[in-house]
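K.L.:
When you get a sec, could you give me coordinates for this:
(one chain, ligands or ions: 3)
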Amino acid sequence: METLVVDHPLVAHKLTTLRDVRTDSPTFRRLADELVTLLAYEATRDVRVSAVTVETPLTPAQGVRLSRPAPIVVPILRAGLGMLDGMMRLLPTAEVGFLGMIRNEETLEASTYATRLPEDLSGRQCYVLDPMLATGGTLAAAIQYLFDRGAEDVTALCLLAAPEGLAHLDGMFQGSSRPIRVVTAGLDECLNDQGYILPGLGDAGDRLYGVV
Ligand SMILES: O=P(O)(O)OC[C@H]1O[C@H](OP(=O)(O)OP(=O)(O)O)[C@H](O)[C@@H]1O
Ligand SMILES: O=c1cc[nH]c(=O)[nH]1
Ligand SMILES: [Mg+2]
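P.N.:
Ligands and ions are numbered 1, 2, ... in the order given. I've put the predicted structure just below:
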């Protein structure tokens, strides 16, 4: 598994405001959207393209287009929805599938309550959106779900990741022949006793959409 922590002053600036407890929901949503677009630029470095020729007003020019089948973007509900528009801004021809997952607050086990994705993901490049990679249970289950349907590779975009979550993914997918990448705006220190990322930004879903 490959991890990329995007090191850029604009990313760090936006992430700092996102963490700030005084940042209200409308501002949080806008910053998350902007941050994802910056992460998406790095996360799509390996997106498949095919050679094409176009006619400029003067002469033919060699170029590339995104290959088919189109990549598939998979936000993990609920909080991952806050990253969808920012991702689609850079990949407007991608398809979108949905995974609804929730982590039990006591056991920290992830469970899936909704799926809306093509049955067959053979040959598809998948981009999973989930702001928080904490224990890694949610993302591990999402990646396994996509691989079980034949996904070719998975790139996860996370606003924040914890070392414990990355280690969990490393252990779970050790020896996997299919590439996994995690692209994040920040690698934080650790998890607290409730499985929250420290220093983190709190509950991403609640900060985006309100406390449930
Ligand atoms: O790495 P993990 O320990 O599995 O935790 C991360 C997950 O927890 C949060 O979702 P939550 O269960 O709060 O659902 P929500 O998005 O509906 O708020 C977050 O959005 C991730 O999906
Ligand atoms: O810090 C965390 C951990 C899991 N889910 C969140 O929303 N925040
Ligand atoms: Mg939540």
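K.L.:
Let me know the distance separating the residue with the largest distance to the centre of the chain from residue 132.
P.N.:
Distance from the C-alpha centroid of the chain, by Cα atoms, centre = their mean, peaks at residue 58 (40.6 Å). Distance, residue 58 to residue 132, by Cβ to Cβ, to the nearest Å: 50 Å. For every residue, glycine as well, the C-beta is placed using N, CA and C.
K.L.:
Ok, residue 162 next?
P.N.:
Taking Cβ to Cβ, one finds residue 162 at 8 Å from residue 132.
K.L.:
Also residue 210?
P.N.:
According to Cβ to Cβ, residue 210 and residue 132 sit 17 Å apart.
K.L.:
Between those two, which has more neighbouring residues?
P.N.:
The neighbour comparison of residue 210 against residue 132 (other Cβ atoms under 10 Å) goes to residue 132, with 28 against 8.
K.L.:
Read off the pLDDT value for the residue lying closest to the more buried one once chain neighbours are set aside.
P.N.:
Distance criterion Cβ to Cβ, 6 or more residues apart in numbering; nearest residue to residue 132, sequence neighbours excluded, is residue 204 at 5.0 Å. Listed pLDDT for residue 204 reads 98.
K.L.:
Measure how buried residue 204 is and give me the count.
P.N.:
25.
K.L.:
Not counting sequence-adjacent ones, nearest residue to the residue of the chain found nearest ligand 3?
P.N.:
Closest to ligand 3 within the chain is residue 205: 3.2 Å, counting by Cβ to the ion. Spatial nearest neighbour of residue 205, chain neighbours left out: residue 79 (4.0 Å); criterion: Cβ to Cβ, 6+ apart.
K.L.:
Name the residues of stretch 149-169 that are buried.
P.N.:
149, 151-166, 168-169 (16 or more other Cβ atoms under 10 Å).
K.L.:
what about that stretch, start to end distance?
P.N.:
End-to-end distance for stretch 149-169, by Cα to Cα, to the nearest Å: 19 Å.
K.L.:
Centre of the chain to it, how far?
P.N.:
Centre-to-centre, stretch 149-169 and its host chain are 8 Å apart (Cα atoms, centre = their mean, to the nearest Å).
K.L.:
swap in stretch 53-71?
P.N.:
Using Cα atoms, centre = their mean, the offset of stretch 53-71 from its chain centre is 28 Å.
K.L.:
ok, and for it, which residues are buried?
P.N.:
Buried-residue list, stretch 53-71, by 16+ other Cβ under 10 Å: 66, 69, 71.
K.L.:
isn't the last one right next to residue 128, touching?
P.N.:
No. Here residue 71 does not reach residue 128: they are 11.3 Å apart, not a contact under Cβ atoms under 8 Å.
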